[in-house]
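Chemist: Please work out how this folds:
(one chain, ligands or ions: 1)
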Amino acid sequence: MSETVLVTGGAGYIGSHTAMALITAGHNVVVVDNFVNAKADALHVVAELTGSEIPVIEGDARDVDLLIKVINEHDVTAVIHMAALKAVGESVEMPLEYYSNNVQSATATLEAMREAGVYKFVFSSSATVYGDPESCPIPETASIGATNPYGMTKQMIEVIIRDLAASDDRWKITSLRYFNPVGAHESGEISEAPLGKPNNLMPMIMEVATGKRDKVMVFGDDWPTPDGTGVRDYIHIMDLVEGHVAALEHLDAQDGYEVYNLGQGNGVSVFELIRAVEEATGLTIPFEVTDRRAGDIAECVADPTKANDVLGWKTTRDISQACQDAWNSQ
Ligand code: UFG
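Modeler: The predicted structure is shown next:
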């Protein structure tokens with residue numbers, strides 16, 4: 001069945017790629033975004049590449065009335081809720097902004113959906129809800145315990161939607177716990193372009209590759225990992241967004257609430273990612289090892305078995321492809 005999907009926060013890096021995947025799979029997309037952390041450009045490119053129209057409404061996902069109007073006017077049948085602030089460090093400095101933006105936008109979106117009679121909801125959660133995991137790879141059944149306000153907002157929303165789904169069996173709700181999305185659509189036309197200084201490793205490496213910065217600061221080489229640098233599960237953005245399509249299309253067959261990890265299942269260290277970019281670009285990426293970053297963990301790698309088995313979704317692009325696509329998009 002073809003859905004008309006409201007993507008809140010849909011102008012960002014993950015949102016614009018999600019729009020691409022949804023439209024490619026035959027769905028329609030409507031976006032509400034407040035443009036605090038993104039511009040509409042990427043969505044214009046997606047509309048052009050797919051030859052389809054993407055209505056983009058500027059507004060805040062905490063605005064229940066606006067959302068009801070958008071859902072009704074566009075005959076929205078499902079919502080993917082991505083609108084959120086997302087910088088871990090900033091969330092420690094400005095917890096109130098994070099709790100207000102992230103938690104209220106989720107409850108407002110759900111209230112608007114209930115008012116409009118739409119009950120299919122996919123939530124952008126994060127592997128950060130696992131905190132410092134006891135072991136890797138991490139299954140969905142692992143204990144959760146976010147260690148910063150950003151992660152706590154994701155954890156709180158997961159509790160809210162679990163309780164909501166339990167209260168009324170019309171709701172079909174899925175949380176997708178993202179590991180570390182990297183890369184770009186194979187066209188190279190949409191990219192991860194953070195406004196301001198990048199927080200994340202791949203955009204930082206790209207800024208060094210393009211000469212915007214001198215070197216990558218590596219946050220510690222004394223972690224208990226094979227080469228001493230932090231290990232993460234980097235997943236190609238197109239694999240990640242195809243996971244959203246699979247989750248959305250599975251909702252009709254689902255009872256209540258489910259949680260899925262979206263990751264590759266392989267750990268890659270900071271040094272390995274730098275080397276992979278060097279191989280993909282033929283460039284040398286200068287780096288310097290510095291102190292550990294506050295709040296970082298040694299390792300975070302997904303067990304994606306549940307999404308593989310239940311959603312019939314698997315990653316098909318490796319880290320070298322992700323590095324090549326990230327570079328092309330520059
Ligand atoms: N790192 C560096 N230098 C940098 C940036 C990062 O060495 O300039 C290292 C980090 O210490 C870590 C790894 O690269 O070992 C990945 O760091 P990122 O900031 O790219 O990603 P994180 O795993 O810290 O965080 C990401 C998202 C969060 C999310 C989390 C879930 O940014 O929003 O994954 O695991 F919560």
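Chemist: The protein against the ligand: which residues are in contact?
Modeler: Applying Cβ under 6 Å from any ligand atom, we find that the chain lies next to the ligand at 86, 88, 126-128, 151, 180, 199-201, 204, 216-219, 230, 232, 270, 293, 296, 300. C-beta: built from backbone N, CA, C; applies to glycine.
Chemist: Mind checking which of those are in helices?
Modeler: Applying DSSP state H to those, the entries found in helices are 88, 151, 201, 204, 270.
Chemist: Are any of these buried, and if so which?
Modeler: For these, a burial check counting by 16 or more other Cβ atoms under 10 Å picks out 88, 151, 201, 204, 270.
Chemist: can you list the residues you listed in JSON lines and add pLDDT and distance to residue 141?
Modeler: JSON lines is the format used below for those (pLDDT from 0 to 100; distance: Cβ to Cβ, whole Å):
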{"residue": "88", "pLDDT": "91", "distance to residue 141": "24"}
{"residue": "151", "pLDDT": "97", "distance to residue 141": "18"}
{"residue": "201", "pLDDT": "97", "distance to residue 141": "28"}
{"residue": "204", "pLDDT": "96", "distance to residue 141": "33"}
{"residue": "270", "pLDDT": "98", "distance to residue 141": "28"}
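Chemist: Which strands or helices does the strand or helix carrying residue 325 pack on?
Modeler: Counting by DSSP states H and E, the element that carries residue 325 is helix 319-328. Under the contact criterion of 3 or more Cβ pairs under 8 Å, 6 or more residues apart in numbering; DSSP states H and E, helix 319-328 touches strand 180-182, helix 201-209, strand 234-236, helix 270-281.
Chemist: Which positions within it qualify as buried?
Modeler: 319, 321, 322, 323, 324, 325, 326, 327, 328.
Chemist: Quick one: neighbours of whichever residue of the chain sits closest to the ligand, just the number.
Modeler: The nearest approach of the chain to the ligand comes at residue 230, 2.1 Å away (Cβ to the nearest ligand atom). By other Cβ atoms under 10 Å, the residues close to residue 230 number 25.
Chemist: before we move on, what about the one 10 residues further on?
Modeler: The burial count assigned to residue 240 is 25, neighbours taken as other Cβ under 10 Å.
Chemist: Using PDB, list the CA coordinates for the one helix or strand it maps to.
Modeler: Using DSSP H and E, residue 240 sits within helix 237-250. The C-alpha atoms that make up helix 237-250 are tabulated as PDB, following Å, rounded to 0.1, in the frame of the first residue of the first chain:
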ATOM      1  CA  ILE A 237      22.800   6.400   5.100                       C
ATOM      2  CA  MET A 238      20.900   4.700   2.200                       C
ATOM      3  CA  ASP A 239      20.800   1.400   4.100                       C
ATOM      4  CA  LEU A 240      19.600   3.300   7.200                       C
ATOM      5  CA  VAL A 241      16.800   5.000   5.300                       C
ATOM      6  CA  GLU A 242      15.800   1.800   3.500                       C
ATOM      7  CA  GLY A 243      15.300   0.500   7.000                       C
ATOM      8  CA  HIS A 244      12.700   3.200   7.600                       C
ATOM      9  CA  VAL A 245      10.800   2.100   4.500                       C
ATOM     10  CA  ALA A 246      10.900  -1.500   5.600                       C
ATOM     11  CA  ALA A 247       9.700  -0.500   9.100                       C
ATOM     12  CA  LEU A 248       6.900   1.600   7.700                       C
ATOM     13  CA  GLU A 249       5.700  -1.100   5.300                       C
ATOM     14  CA  HIS A 250       5.700  -3.600   8.200                       C
END
